[in-house]
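Asker: Here's my sequence, what's the structure:
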Amino acid sequence: MTDHRIAEVRRDTRETQVRVRVDLDGTGASKLATGIGFFDHMLDQVARHGLIDLEVEAQGDLHIDGHHTVEDVGITLGMAVAKAVGDKKGLVRYGHAYVPLDEALSRVVIDFSGRPGLHLHVPFTSGMVGGFDTQLTYEFFQGFANHALVTLHVDNLKGVNAHHQCETVFKAFGRALRMAAAIDPRAAGVVPSTKGTL
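Answerer: Sure thing, here's the model as predicted:
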């Protein structure tokens, strides 16, 4: 086993103050405090299913809405993951997962390509789940993709219950991230690209 790949990032703006710590070789432990209960629940899914130890502390302008908080957590998490993977030598690079929850089914595919891009299709059946605005799912993943420098495809293939739709997306993201960020023992020290860099 390689040494643990750990990174911590703080990002402060006039709208939010966010601290994220990740251990990509963790056990799925999490310590989460964003002020949005359902969002904490979704981040817990990423940690648990990604086997990533994840700490998130966020203080944002929730008296307005959750937009800045959710987006800035995505940005800061992306920065932390990029820092933790480093030069990407030995990285599996690609990851994918299908996750069902009752009637809902989602697929997430990720590539540590160095070329940020988000392609998301999640036809939520409700605008809110608890205190979480489902439109902010896009903002979270956009922030993550842009700052982790990944290509990310997120598709909810089936679903009637918006809680289930969202949860399958975040669980599948955790699983895909776990696969892509893993170290390939057959490619130790090699960047997984014919270019020689990512």
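Asker: Any figure for the gap between Glu103 and Val169?
Answerer: 14 Å (CB to CB, to the nearest Å). Glycine gets a C-beta too; all of them are placed from N, C-alpha and C.
Asker: Which one's more surrounded, these two?
Answerer: Val169 (29 against 12; other CB atoms under 10 Å).
Asker: What's the separation between the more buried one and Asp61?
Answerer: 25 Å.
Asker: can you check Asp44 too?
Answerer: Asp44 is 23 Å from Asp61, by CB to CB.
Asker: Phe170 against Met42, yeah?
Answerer: Yes. With contact defined as CB atoms under 8 Å, Phe170 reaches Met42; the gap is 4.2 Å.
Asker: Tell me how far stretch 113-128 lies from the chain's centre.
Answerer: 12 Å (CA atoms, centre = their mean, to the nearest Å).
Asker: same question but for stretch 182-196, I mixed them up
Answerer: So, by CA atoms, centre = their mean, the centroid of stretch 182-196 is 22 Å from its chain's centroid.
Asker: Go through it and flag the buried ones.
Answerer: Ala182, Ile183, Val191, Pro192 (16 or more other CB atoms under 10 Å).
Asker: before we move on, what about stretch 117-137?
Answerer: Those would be Leu118, Leu120, Val122, Phe124, Val129, Phe132, Asp133, Thr134, Leu136, Thr137, for stretch 117-137 by 16+ other CB under 10 Å.
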